[in-house]
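Trainee: What follows is a predicted structure for the sequence shown.
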Amino acid sequence: MGASAKLAAFRLPPLPTVGELIKLYNLRAEKQLSQNFLLDLKLTDKIVRQAGNLKDAHVCEVGPGPGGLTRSILTAGAADLLVVEKDARFIPGLKLLSEAAPGRLRIVHGDILTYRMDRGFPVNISKTWEEDPPNLHIIGNLPFSVSTPLIIKWLESMANRTGPFKYGRTRLTLTFQKEVAERLTASTGSRQRSRLSVMAQYLCKVQSCFTIPGRAFVPKPEVDVGVVHFTPLVQPQIQQPFGLVEKLVRNIFQFRRKHCYRGVEKLFPEARRAELTKETMQKADVDPTLRPTELTIPQIRALADAYAHLCAHEPDLLGFEFREELGMKHQSRSGNAPTGP
C-alpha cells in the first residue's frame, strides 16, 4: 500500500464541520461545566501529534464534546478510540463520527472520574512497567473544572499501577489552563513551583508542548491553554506510598513563602511538634530555612523517607491532620468540646 493509499485509509468521509455540528445539535458550551470547544482542526491535529505515532493505537479521549479532537485522533490512524463523554448533548454528533469510522470509535456516556478504564481495553495490549509504554494513549481537551482533580487521580493510579496504568506506562496528552500547565512543568526554584509540580514530576517525565491562545476556543476563555505530555517513569523518584507523599507535599506547600520546616511541623501533634520536626529535618539532612519552592525532588524524597521512618515506629502519626487538631481547639474554645463516646 503506497503512502497516499495508507493515508486514505484513515481519512474520514465528508462530514459536517465541527462548527456545523454545534449549530445542527444546538450545542452551546455550558459555562458552569467550564466547557470550551476547539474548532480549528489544524490545532486539534497539532495536539494529537504531541501524543506520538497513533497508527494502530488504542486511545481513550476524555470529554470529546463536539468531536474536533476525536476527528484528529481518527485521522492519525488510531485503530480503537474510546471516548468518555458526560454530557448527553454530544452523543448524537459522536455517533455520526462513529458511523463514519466503522469499528474504530466506541462511545461511553459517563463520567471519567468514575469510569473504570482498567476494563476499557483488551488485556493483550499490556506491557510490563519496565518495558516501553503500551500502545495506549489518553488524550483530552479537559474542562478546566476537572483537569486538576483528574490529573491527581491519575497520578495516584500511576503510583499504584491501577486504572489506565494497569496496562503499563500509559502516556497522557492533556490540555490545562496555562497557569496549571506552568505549575505541572515548573522547575525547582521557579515562581510556579507547587505541590502539583512535585506530585507530577516525581512520577513522570512532564513536557510542556505548546500554548494555545484563548481566542482559538469557543467560547473564548479568560486564559490561554497549555498542552502537556506525561510519560510515567519506570522508577518513581520517591519510593513511598502516594498518600504519604501527597500529605507531606501538601503540608510543605501550604506555607510556600515561609521556611520549609513550617510545613513539616504541621505533620505532627502540637505536644511533640518541635522534637519530631527537628528529628525529620536532621534525618533528611535538609536545610530547614529553604523555601518550599527551592526544595529539589531528592530533598523531598529524603523528607518523605524520614517521615515514613517515624510513621513506621508510630503508626498514629500518618493519620494525624493538623487541621482537625485546629478544629478541636476551636470547638473547645467556643465551649462546644466534643463529648466522649
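Mentor: That came through fine.
Trainee: can you give me the strands in the stretch 151-300 of the chain?
Mentor: Assigned by DSSP state E, counting those that start in this stretch, the stretch 151-300 of the chain shows strands spanning 171-177, 204-212, 217-218, 225-232.
Trainee: Let me know which of those is the nearest to Leu136.
Mentor: Comparison of those against Leu136 by CB to CB identifies strand 171-177 as nearest, at 7.9 Å. All C-beta atoms are positioned from the backbone trio N, CA, C, and that covers glycine.
Trainee: just the angle between that closest one and strand 225-232, please?
Mentor: Interaxial angle of strand 171-177 relative to strand 225-232 (axes from the mean of the first three to the mean of the last three CA atoms, to 10 degrees): 150 degrees.
Trainee: Can you name the residues in contact with stretch 114-129?
Mentor: Contact partners of stretch 114-129, identified using CB atoms under 8 Å, 6 or more residues apart in numbering, comprise 58, 60, 80, 82, 84, 108, 133-136, 161-164, 166-169, 234.
Trainee: Now, of those residues, which are buried?
Mentor: Taking 16 or more other CB atoms under 10 Å as the criterion, what is buried in these is 58, 60, 80, 82, 84, 108, 133-136, 163-164, 166-169.
Trainee: ranking the strands of the stretch 151-300 of the chain by mean pLDDT, which is last?
Mentor: Note on these: strand 217-218 shows the lowest mean pLDDT, a mean of 79.
Trainee: Name every strand pairing with that one and say which way it goes.
Mentor: Strand pairing for strand 217-218, using DSSP bridges, gives strand 37-38 (antiparallel).
Trainee: Following the chain past the partner strand, name the next helix or strand.
Mentor: Elements were assigned by DSSP states H and E; along the chain past strand 37-38, the next helix or strand is helix 41-50.
Trainee: quick one on the thing from earlier: save the strands of the stretch 151-300 of the chain as CSV, and put in mean neighbour count and distance to Glu279 too.
Mentor: Output for these, formatted as CSV (neighbours: other CB atoms under 10 Å; distance: least, CB to CB, whole Å):
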stretch, mean neighbour count, distance to Glu279
strand 171-177, 24, 38
strand 204-212, 17, 31
strand 217-218, 20, 51
strand 225-232, 22, 33
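Trainee: Save the ones you listed as a markdown table, and put in distance to Glu246 too.
Mentor: Formatted as a markdown table, the strands of the stretch 151-300 of the chain follow (distance: least, CB to CB, whole Å):
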| stretch | distance to Glu246 |
| --- | --- |
| strand 171-177 | 19 |
| strand 204-212 | 15 |
| strand 217-218 | 31 |
| strand 225-232 | 17 |
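Trainee: out of those, nearest to Ala88?
Mentor: Short answer: strand 217-218, nearest of the strands of the stretch 151-300 of the chain by CB to CB, at 19.9 Å.
Trainee: tally of neighbours for the residue nearest to Ile300 when sequence neighbours are not counted?
Mentor: Spatial nearest neighbour of Ile300, chain neighbours left out: Val198 (5.9 Å); criterion: CB to CB, 6 or more residues apart in numbering. Using other CB atoms under 10 Å, Val198 has 28 other residues around it.
Trainee: Quick check: the gap between Val198 and Thr289.
Mentor: For Val198, the distance to Thr289 equals 19 Å [CB to CB, to the nearest Å].
Trainee: And Tyr307, by the same measure?
Mentor: Separation of Tyr307 from Thr289 (CB to CB): 19 Å.
Trainee: who has more neighbours, these two?
Mentor: Tyr307 (26 against 11).
Trainee: and the helix or strand containing the more buried one, what other elements does it pack with?
Mentor: Using DSSP H and E, Tyr307 sits within helix 297-313. Packed against helix 297-313 by the contact rule (3 or more CB pairs under 8 Å, 6 or more residues apart in numbering; DSSP states H and E) you find helix 195-203, helix 242-253, helix 273-284, helix 316-319.
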